[in-house]
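# Quick one, what's the 3D model for this:
(2 chains)
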Amino acid sequence: MTAPAREPAVVTRALRKTFGDLVAVQSLDLTIGRGEVFGMLGPNGSGKTTTIRMLCGLLAPTSGDATVVGYDILTQSEQIRRNIGYMSQRFGLYDDLTAYENIRFYSSVYGLRGAAREARIDELMDELGLAPRRDQMAGTLSGGWKQRLALACATAHRPQMLFLDEPTAGVDPAARRRFWDITYELAAGGTTILVTTHYMDEAARCERLAFLSRGHLIAVGTPDEVPKAFGQPTIEDVFIELQRRDEGVTA
Amino acid sequence: MNALVERVRASAFWPMLQKEFLQMRRDRLTLAMMVVLPAVQLLLFGYAIRTEVRHLPTVVLDESRTQESRGLAQALQNTQNFDLVATVRDRGEMERWLRRGAAAAALIIPPDYAADIKRGRTATAQLIVDAADPLSSSAALSGAGAAALAYGTTLQTAPPPVPIDLRVRPWYNPGLRSETYIVPGLIGILLSITMILITSMSIVRERERGTLEQLIVTPIGKTSLMLGKILPFVLVGYTQMTVVISLAWLIFHVPLRGNLLELYAITFGFITANLGIGLFVSTLVRTQAQAMQASFFFLMPNFLLSGFMFPRAAMPLPAQWIGLLLPLTYYLQVLRGILLKDVGVAYLWPQTLVLLGFATVLLALSVRRFSKTIE
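Alright, predicted model coming up:
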């Protein structure tokens, strides 16, 4: 027994992805612990989404290796898919299905059937407060509701790890706060969370942060440590400094 | 055995199938595409595509002005290939009619026409046809020659001995009606269009909306995903076919001579082959607009080279070879064979096997090509 529960949730070794001449992710070495809320920050095009996509099995890495919840991303992608949830900024909902039908579809795809599935759907509706919107078409829901519905779909199978790619883009502040409360409840239940964001207040709520810039991992640490390492007062200043450097290099 | 049943029951294919039916029921456009579109297209094509020519507007320049010359004009009129629209006085006036396009044919009967007949010599008359459209002119000419010959014999007192009497009998379509030829083919054309288009579009739509990405991170297998996605379209195909066959029978009086059950059975191979092409198209493109263009790229040779409108025997060899690569070529033989000639699987088993072969190869190829990654 290799007791995967004792291993870190994510380990990447020299993970690299190129698209033609463009290096999207440059030799990434990263470790994320079990149950951690881990934030990934960086300007657009810094390689955040590409990293998440490689870890979820949506993209094959050009070179390097990684394990997710104890499984190898190159050879054990089916096991990984059973144990992770993924929510993209596009939400991946069917606009012409109701909230209930969306959750039912995704939970069925994850193998839930019959009474067990209905019980799980009720539970999710309850936890995420979706019950009043149960029979509304997903396409007519507002951004905040869509986001919660997408989270319900991504967590229907109680994944060990959750990947959230800019989950709160374009959502009002109240809905963002509610979303983070739910995320923390999931983390408290033992779910590892990898989240990318552009909001500094959200970054501050992560246990650890990784800063990416032009495909390079620039810094890793707690929200307190990172600004100190750059000699900047806040995370936001670090971010702006990085973006300035990026533009300096391009010019 | 139980383990197998359990695996099938737990397969992600079922929720996929259920979801597709649910979406289809709500998608008015697809429903319209299933029934209204084929009906409209059938009417348009069925009425517009005519290879036999009737009622060609014709002017007469009668310089003979005799009972015999009027009889000849009447004989042409009686073929219904020609409508005598006017009598002209001279060649100049005749040319103006043809140039304007007001007449497509002109009959010239010279002054000595009747005199020649009376002297027992061969009488000559001239039929000028606007051959800018060769298809209509050649069809009209063959009718005219026969009419003139028939009229000629009525004028003779004693018919001359005929060296060879070749009597042509057009079987299976005795009236040589082009509807009978075109409309069964339309069933195949309409099925190709909708099957290829809706399959490729519906997969690309999932890609565009981001739901395909979401599906790929779930444990659903490639085969479950694709089969669940396309199987509902088989039903769409059969519905459409039933609509078109009913209309073909009711409106165009296309005979339904053969066993329709056999036709429906063989059609399964054709529908699946086209779903395979649709899947293949979806693996080549990124957007719905591209899917539409690529679909028509695959559909074009079907219109031209399958034998739908133009007989394959008349095509140059390379065109015939390309035709052999099209499922529609074989399906047209099945359609015409069963509907018009009342032949069954006993004669059509080679076509049936080829269609099933196409279906298997195309589906396998597309499922292989459909990468579970989004690169």
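# CA atoms for contacts and neighbours, from now on please.
Fine.
# Kindly provide the distance from the residue of chain A found nearest chain B to B:Arg70.
As assessed by Cα to the nearest Cα, chain B sits closest to A:Gly92 within chain A, at 4.1 Å. Distance of A:Gly92 to B:Arg70, given as Cα to Cα, to the nearest Å: 78 Å.
# Which one of those two is surrounded by more residues?
A:Gly92 (25 against 14; other Cα atoms under 10 Å in any protein chain shown).
# next one: phi and psi at that one?
Main-chain torsions, A:Gly92, degrees, to the nearest 10: phi 60, psi 40.
# Can you list the neighbours in contact with stretch B:322-330?
For stretch B:322-330, the surrounding residues in contact (Cα atoms under 8 Å, 6 or more residues apart in numbering or on different chains) are B:188-189, B:192, B:270, B:273-274, B:301-302, B:305-308, B:312, B:351-352, B:354-355, B:358.
# repeat for stretch B:107-125
B:58-66, B:68-69, B:73, B:126-128.
# Mark which of those residues are part of helices, please.
Counting by DSSP state H, these place B:68-69, B:73 in helices.
# Identify the spatial nearest neighbour of the residue in the stretch 201-350 of chain B that chain A sits nearest to, chain neighbours not counted.
Closest contact between the stretch 201-350 of chain B and chain A, by Cα to the nearest Cα, is at B:Thr211 (4.1 Å). Closest residue to B:Thr211 apart from its sequence neighbours, by Cα to Cα, 6 or more residues apart in numbering or on different chains: A:Gly92 at 4.1 Å.
# ok, now A:Asp72?
Closest to A:Asp72 by Cα to Cα, 6+ apart is A:Ala66, at 6.1 Å.
# give me phi/psi at A:Ile32?
Main-chain torsions, A:Ile32, degrees, to the nearest 10: phi -120, psi 130.
# Go through the contacts of stretch B:322-330 and flag which are in helices.
Those of the contacts of stretch B:322-330 lying in helices (DSSP H): B:188-189, B:192, B:270, B:273-274, B:301-302, B:305, B:351-352, B:354-355, B:358.
# ok, which stretches of the stretch 51-200 of chain A are strands?
Remark: strands assigned in the stretch 51-200 of chain A by DSSP state E, counting those that start in this stretch are A:63-68, A:71-72, A:84-87, A:161-165, A:192-196.
# Next up, the contacts around the residue of chain A closest to chain B.
So A:Gly92 contacts A:150, B:209-214 (Cα under 8 Å, 6+ apart).
# and with 6 Å instead?
The contact partners of A:Gly92, by Cα atoms under 6 Å, 6 or more residues apart in numbering or on different chains, come to B:210-211, B:214.
# separation between it and B:Met226?
A:Gly92 is 18 Å from B:Met226, by Cα to Cα.
# same deal with B:Val254?
Applying Cα to Cα, the value for B:Val254 to B:Met226 is 36 Å.
# Check for me that A:Leu15 belongs to a helix.
No - looking at A:Leu15 with DSSP: H, G, I helix; E, B strand; the rest coil, it is strand, so not inside a helix.
# so how far is A:Ile52 from it?
Distance from A:Leu15 to A:Ile52, by Cα to Cα: 11 Å.
# And B:Ala114, by the same measure?
95 Å.
# Then B:Leu247?
For B:Leu247, the distance to A:Ile52 - Cα to Cα - is 54 Å.
# more crowded one of the two?
Set side by side, B:Leu247 and A:Ile52 show more neighbours around A:Ile52, with 21 against 18, by other Cα under 10 Å.
# what sits against the more buried one?
Contacts of A:Ile52 by Cα under 6 Å, 6+ apart: none found.
# And A:Pro167, by the same measure?
Residues in contact with A:Pro167 (Cα under 6 Å, 6+ apart) are A:Gln89.
# And for B:Gln320?
Counted by Cα under 6 Å, 6+ apart, B:Gln320 has zero contacts.
# quick check, it in a helix?
Yes - counting by three-state DSSP, B:Gln320 is part of a helix.
# can you pull the pLDDT of it?
Listed pLDDT for B:Gln320 reads 91.
# same deal with B:Ala10?
On the pLDDT scale, B:Ala10 gets 79.
# The residue nearest to it when sequence neighbours are not counted: neighbouring residues, count only.
Closest residue to B:Ala10 in three dimensions, ignoring its sequence neighbours and counting by Cα to Cα, 6+ apart: A:Gly111, at 6.2 Å. A:Gly111 has 18 neighbours, counted by other Cα under 10 Å.
# what does B:Pro318 give?
B:Pro318: 9 neighbours (other Cα under 10 Å).
# where in chain B is pLDDT low?
Confidence mapping of chain B against pLDDT under 70 gives the ranges B:1, B:49-53, B:133-140, B:155-168, B:170, B:174-176, B:371-375.
# Next, count neighbours for residue 96.
Going with chain A. Based on other Cα under 10 Å, the number of other residues close to A:Asp96 is 18.
# wait, chain B
Look at B:Arg96: counted by other Cα under 10 Å, it has 12 neighbours.
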